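# return atomic coordinates for the entry below.
(one chain, ligands or ions: 1)
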Amino acid sequence: MDKELLAMLVCPLCNGKLKYDREAQELRCHYDGLAYPIQEGIPVMLPEEARAMDADEKLPTSPGRASGSASGRASGQSGGV
Ligand SMILES: [Zn+2]
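Predicted structure coming up:
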């Protein structure tokens, strides 16, 4: 996938930036919880063709936050080990 092309792509629903998943060959919008498939190297930017992501993958926040890490748990527990 061309990186310059990727940079131009936004979600057709929310105009948010998409995250390219190379292994899955998907472009993901975490705000809408949709993953747009890339077929033969061409992104299919149709909401009706997109895969609905698990609630787990979906961001609870709206576009605007620039943080991109989705690993780990953000629970507020203190103490422990
Ligand atoms: Zn979106």
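# spatially central residue for this structure, please.
residue 28 (2.9 Å; CA atoms, centre = their mean).
# which strands or helices does the helix or strand harbouring that residue pack on?
Applying DSSP states H and E as the criterion places residue 28 in strand 26-29. Contacts defined by 3 or more CB pairs under 8 Å, 6 or more residues apart in numbering; DSSP states H and E place strand 26-29 against strand 19-21, strand 34-39. Backbone N, C-alpha and C define where each C-beta goes, glycine included.
# export the ones you listed to JSON lines and tack on mean neighbour count and mean pLDDT?
Shown next, in JSON lines, are the helices and strands packed on strand 26-29 (neighbours: other CB atoms under 10 Å; pLDDT from 0 to 100):
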{"stretch": "strand 19-21", "mean neighbour count": "14", "mean pLDDT": "91"}
{"stretch": "strand 34-39", "mean neighbour count": "19", "mean pLDDT": "95"}
